[in-house]
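Participant: Just need the structure, nothing else, for what follows:
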Amino acid sequence: MNIIVDYFPLFRDGFITTVELFAVSAVASLIFGTFLATLRVSPVPVFRAAGTLYVTLVRNTPLTLVFLFWVFAYTHLEIQKFSYFVYACIALSVYTSAFICEVIRSGINTVPIGQAEAARALGLTFSQSLAQVVLPQAVRSVVPPMVSTLIALLKNTTIAAGFSVAEAGRIRSILSEKGENQLIGLLWVSLGFVILVMVLTIVQRTLERTWRVAR
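Facilitator: Reported below is the predicted structural model:
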């Protein structure tokens, strides 16, 4: 208990940054991932090819390399420079959105084709039928894998510690510099992540009960 008491501000600030990093990246990933999913199911071949290319490249690229590009390589393009926190959010969003895309696309594939055909028969365009008919049903059916992807995103935030973002993953190195027991520190960090994951699990179960789809 001595470590958590003596270094409580360190743990508090680290996990606050982690939650902020997760929240921003999760929202951005859900938005961009949904957009990518619409490209993947688009009737336009060029859009489908673009979405497929993006997902294939990003999903097969290690997250550390994505961080390296946005934190170091991108800054040399002399465009606009942001803080390391912003670059970390961009890297996490770019990476996670590819997985969100596949989750949503799998949900779209579970919606009976007759739903889209009925929407078109009513005169709705592809975009309208997707947004108003297909996606609402698809999202309800992919709550568990969606939350699993977000849990992976939460754990991936620790990589930002290696790129000058003072989040929970950096607590161990700070304790090491001060000569404290790193194992005890890691146990407290692990407990913090377990609590955060439990919160996401509760959200998942709540959404499943609310959006339960009759089969």
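
Participant: longest helix anywhere in the chain?
Facilitator: Ranked by residue count under DSSP state H, the longest helix found in the chain is helix 8-40.

Participant: by contact count, what packs against it?
Facilitator: helix 45-59, helix 84-110, helix 143-156, helix 171-177, helix 182-210 (3 or more C-beta pairs under 8 Å, 6 or more residues apart in numbering; DSSP states H and E). Every C-beta, even on glycine, is put in place using the N, C-alpha and C of the backbone.

Participant: Turn the ones you listed into TSV, columns for distance to residue 35 and mean neighbour count.
Facilitator: Below are the helices and strands packed on helix 8-40 laid out as TSV (distance: least, C-beta to C-beta, whole Å; neighbours: other C-beta atoms under 10 Å):
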stretch	distance to residue 35	mean neighbour count
helix 45-59	9	14
helix 84-110	8	21
helix 143-156	15	18
helix 171-177	35	16
helix 182-210	21	14
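
Participant: Next, find the distance separating residue 66 from residue 136.
Facilitator: 31 Å (C-beta to C-beta, to the nearest Å).

Participant: Of these two, which one has the most company?
Facilitator: For residue 66 versus residue 136, the count of surrounding residues by other C-beta atoms under 10 Å is larger for residue 66: 19 against 12.

Participant: residues contacting that one?
Facilitator: Contacts for residue 66 were tallied using C-beta atoms under 8 Å, 6 or more residues apart in numbering; they are 58, 91, 94-95.

Participant: try 6 Å this time
Facilitator: Applying C-beta atoms under 6 Å, 6 or more residues apart in numbering to residue 66 gives the contacts 91, 95.

Participant: now the angle from the longest helix of the chain to helix 143-156?
Facilitator: Here helix 8-40 runs at an angle of 130 degrees relative to helix 143-156 (axes from the mean of the first three to the mean of the last three C-alpha atoms, to 10 degrees).
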